[in-house]
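Student: predicted model follows, preceded by the sequence.
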Amino acid sequence: MGVEELERKILEDAEKEAEEILEEARRDAERIREKAEREAEEVRREILDRARREAETRRRREIAQAKLEIRQERLRVKEEYIEKAIELAEEKIRELAEEGRKEYLEFLKRSAIEAVNAISSDEVVLRANENDLMLLDEMLSEIRDETGKDVELGEPVEAVGGVIAESKDGSEAYDNTVDARIRRRRSEIVRRVSETLFGG
């Protein structure tokens with residue numbers, strides 16, 4: 001083999017080896033590029049998934065907050081209407097009392113007898129608002145007859161209507177004013193007003 005042929009063979013081998021190295025480098029570069037693309041896609045998916053989860057969590061939180069605010073507003077409105085209904089009832093009772101209507105006179109007498117009977121003492125003092133004291137004065141003998149107790153009228157009190165009975169010595173008291181009756185039956189009144197106004 002001559003020198004030229006040897007040179008040509010060496011060059012061919014070198015070119016072939018260089019081509020193989022380049023091809024291997026191209027394959028490595030392609031693998032690296034594909035791997036980078038896969039990793040970038042995974043990162044992109046993770047970011048999107050995290051963003052979706054965070055958006056969903058935020059959405060759920062905002063919905064829960066909105067529901068809570070709606071529920072609180074409904075309760076506030078409900079309570080407001082219930083209070084108005086109770087105030088209207090109290091106002092109606094005042095009007096009935098001021099007009100001296102038969103229904104109110106019967107209620108006042110029943111309240112007085114009930115309160116007097118709740119006191120164990122035989123000497124009882126009845127207290128009420130000024131208007132009711134005048135009405136009670138007219139029915140005092142009936143209250144005494146029905147209870148069999150020595151009943152007298154005391155000082156006026158601030159109340160919508162009804163009476164407070166006290167033993168003469170002050171050791172016992174029974175509040176049978178409209179205000180106290182409403183307080184005692186408030187949960188039932190609230191339930192009934194709620195059912196009437198809001199259906200439950």
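Tutor: Received it, and whenever you're ready, just let me know what you need.
Student: dihedrals phi and psi, the closest residue in space to residue 148 that isn't next to it in sequence?
Tutor: Spatial nearest neighbour of residue 148, chain neighbours left out: residue 122 (7.9 Å); criterion: CB to CB, 6 or more residues apart in numbering. Bear in mind the C-beta positions are built from the backbone N, C-alpha and C, glycine included. The phi/psi pair for residue 122 (degrees, to the nearest 10) reads phi -90, psi -10.
Student: same deal with residue 155?
Tutor: phi -70, psi 150.
Student: nearest residue to it in space, please, no chain neighbours.
Tutor: Closest residue in space to residue 155, ignoring its immediate chain neighbours: residue 127 at 6.0 Å, by CB to CB, 6+ apart.
Student: residue 162 now?
Tutor: Residue 162's closest residue in space is residue 177 (CB to CB, 6+ apart), at 3.8 Å.
Student: can you give me the strands in this protein?
Tutor: Using DSSP state E, the strands found in the chain span residues 123-127, 150-153, 162-167, 173-177.
Student: closest to residue 96 out of these?
Tutor: Nearest of the strands of the chain to residue 96, taken as CB to CB: strand 162-167 at 12.0 Å.
Student: please work out the average pLDDT along the closest one.
Tutor: Over the span of strand 162-167, the pLDDT mean works out to 95.
Student: may I have it exported as CSV, CA atoms only?
Tutor: Taking Å, rounded to 0.1, in the frame of the first residue of the first chain, the C-alpha atoms of strand 162-167 are listed here in CSV:
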residue,chain,number,x,y,z
GLY,A,162,-99.7,43.2,82.8
VAL,A,163,-98.8,43.1,86.5
ILE,A,164,-96.1,42.3,89.0
ALA,A,165,-97.4,40.6,92.2
GLU,A,166,-95.3,40.9,95.4
SER,A,167,-95.8,39.7,98.9
